[in-house]
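Student: All I have is the shape, not the residue letters:
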């Protein structure tokens with residue numbers, strides 16, 4: 001994986017999937033310096049993580065002689081003893097990456113992707129900004145709460161977490177993923193999205209993401225007329241309007257509690273007129289967890305206003321993941337011979353991998 005240093009005290013931004021299930025990693029800078037970094041915060045819904053470089057160069061012998069994992073060739077997790085004896089940052093100042101403004105980019109602008117693809121350090125590829133505000137559903141990862149920048153600059157395994165840079169050297173995005181069934185189509189998280197949460201992640205805070213628990217599709221007058229001409233339509237008569245039609249209400253969610261029903265056509269959310277499912281999703285994503293959110297719907301020919309309180313999707317998914325991990329751990333423990341214990345790190349967590357960090361000098 002790759003990453004960027006965004007503060008002089010050693011805070012590093014990368015993708016969440018780069019540091020999945022680890023609490024310590026080894027980091028290599030472009031000038032050859034190597035550090036141990038602690039994972040301070042992770043937001044899987046946006047696929048971002050913040051690391052803290054420990055203010056010391058780790059013992060080079062310990063770093064170079066560290067055993068590798070047979071699964072991925074990454075060094076095993078360093079012990080806390082290896083992280084002692086730090087020097088101050090002012091003795092070895094860190095270059096800090098200049099962060100740009102992703103809201104101001106336009107399609108057709110030059111873009112450079114920097115990273116560590118397939119182990120090739122300091123690789124730079126060039127392309128353009130192909131599109132902006134690509135929804136996670138369009139990208140093929142509908143569980144993410146982010147609108148992506150699309151680029152044709154080559155992004156390969158190992159580029160994840162690295163910077164997408166404009167022609168002025170400012171970082172406009174965090175390279176994240178590609179479409180496996182296509183060439184020249186890569187995606188980056190807008191840097192403004194990262195800036196909005198990175199200091200919360202650095203403080204170890206959990207980022208809340210609102211959800212109400214519905215699946216929607218876009219409805220238009222033409223779509224409605226085609227449906228209404230079909231006497232066997234399961235949806236019955238659909239209002240001939242632009243909006244977002246609910247095709248499923250998930251049980252035990254805020255939506256099921258507030259009275260939303262399948263085939264309701266959403267017209268407004270929080271006072272914002274929505275013309276399609278993407279706009280409706282954008283408003284819900286920006287909602288505040290636990291606060292009242294008014295939704296105007298058409299149910300048949302009747303207009304209704306319902307009030308829902310968005311829940312925290314991150315907490316829900318986190319609880320489900322922890323429950324699955326406990327179940328897997330129990331199954332693993334049951335298969336071990338008597339007297340054996342499952343492998344653990346010093347804090348009872350998994351081992352670490354390697355992240356290559358690419359700092360950019362300031363202007």
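Tutor: Received the coordinates, thanks. Not measured: the values here are computed from a predicted model.
Student: Now the element after the helix or strand of the chain with the lowest mean pLDDT, going C-ward?
Tutor: Least confident helix or strand, the chain: helix 60-64 with a mean of 42, by mean pLDDT, DSSP states H and E. With elements assigned by DSSP states H and E, the helix or strand that comes after helix 60-64 is strand 110-115.
Student: mind listing the helices for the stretch 101-250 of the chain?
Tutor: 136-139, 191-202, 221-228 (DSSP state H, counting those that start in this stretch).
Student: Of those, which is nearest residue 149?
Tutor: Residue 149 lies closest, by CB to CB, to one member of the helices of the stretch 101-250 of the chain: helix 191-202, at 9.0 Å. (Each C-beta comes from the backbone N, C-alpha and C, glycine too.)
Student: okay, how far is it across stretch 169-182, tip to tip?
Tutor: End-to-end distance for stretch 169-182: 28 Å, by CA to CA, to the nearest Å.
Student: and what of stretch 203-218?
Tutor: Taking CA to CA, stretch 203-218 runs 39 Å from one end to the other.
Student: on that earlier part again, ok, and which of the helices of the stretch 101-250 of the chain has the densest surroundings?
Tutor: helix 191-202 (a mean of 19; mean count of other CB atoms under 10 Å).
Student: so who does the nearest residue to residue 253 once chain neighbours are set aside touch?
Tutor: Residue nearest to residue 253 in three dimensions, not counting chain neighbours: residue 213, with 2.4 Å by CB to CB, 6 or more residues apart in numbering. Going by CB atoms under 8 Å, 6 or more residues apart in numbering, residue 213 touches 249, 250, 252, 253, 254, 255, 256, 311.
Student: Drop anything exposed from those residues.
Tutor: 249, 253, 254, 255, 256, 311 (16 or more other CB atoms under 10 Å).
Student: Residue 99 pairs with what?
Tutor: Judged by DSSP bridges, the bridge partners of residue 99 are residue 171.
Student: how about it, what does it touch?
Tutor: By CB under 8 Å, 6+ apart, the contact list for residue 99 reads 6, 170, 171, 191, 194, 195.
Student: ditto for residue 200
Tutor: Neighbour list for residue 200: 41, 207 [criterion: CB under 8 Å, 6+ apart].
Student: just residue 195 next, same as before
Tutor: Contact analysis of residue 195 by CB under 8 Å, 6+ apart lists residue 99.
Student: how much space between it and residue 17?
Tutor: According to CB to CB, to the nearest Å, residue 195 stands 20 Å off from residue 17.
Student: right, and residue 117 touches residue 161 too?
Tutor: No: here residue 117 lies out of contact with residue 161, judged by CB atoms under 8 Å, at a distance of 11.8 Å.
Student: Count the neighbours of residue 231 for me.
Tutor: 5 (other CB atoms under 10 Å).
Student: what's it sitting at in phi/psi?
Tutor: phi -70, psi -10 (degrees, to the nearest 10).
Student: Low-confidence ranges, the stretch 1-150 of the chain, go.
Tutor: By pLDDT under 70, the low-scoring segments of the stretch 1-150 of the chain are 56-90.
Student: on that earlier part again, mind putting the contacts of residue 213 into a markdown table with distance to residue 301, secondary structure and pLDDT?
Tutor: Shown next, in a markdown table, are the contacts of residue 213 (distance: CB to CB, whole Å; DSSP: H, G, I helix; E, B strand; the rest coil; pLDDT from 0 to 100):
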| residue | distance to residue 301 | secondary structure | pLDDT |
| --- | --- | --- | --- |
| 249 | 20 | strand | 96 |
| 250 | 26 | coil | 94 |
| 252 | 30 | coil | 91 |
| 253 | 27 | coil | 94 |
| 254 | 26 | helix | 95 |
| 255 | 22 | helix | 96 |
| 256 | 24 | helix | 94 |
| 311 | 31 | strand | 94 |
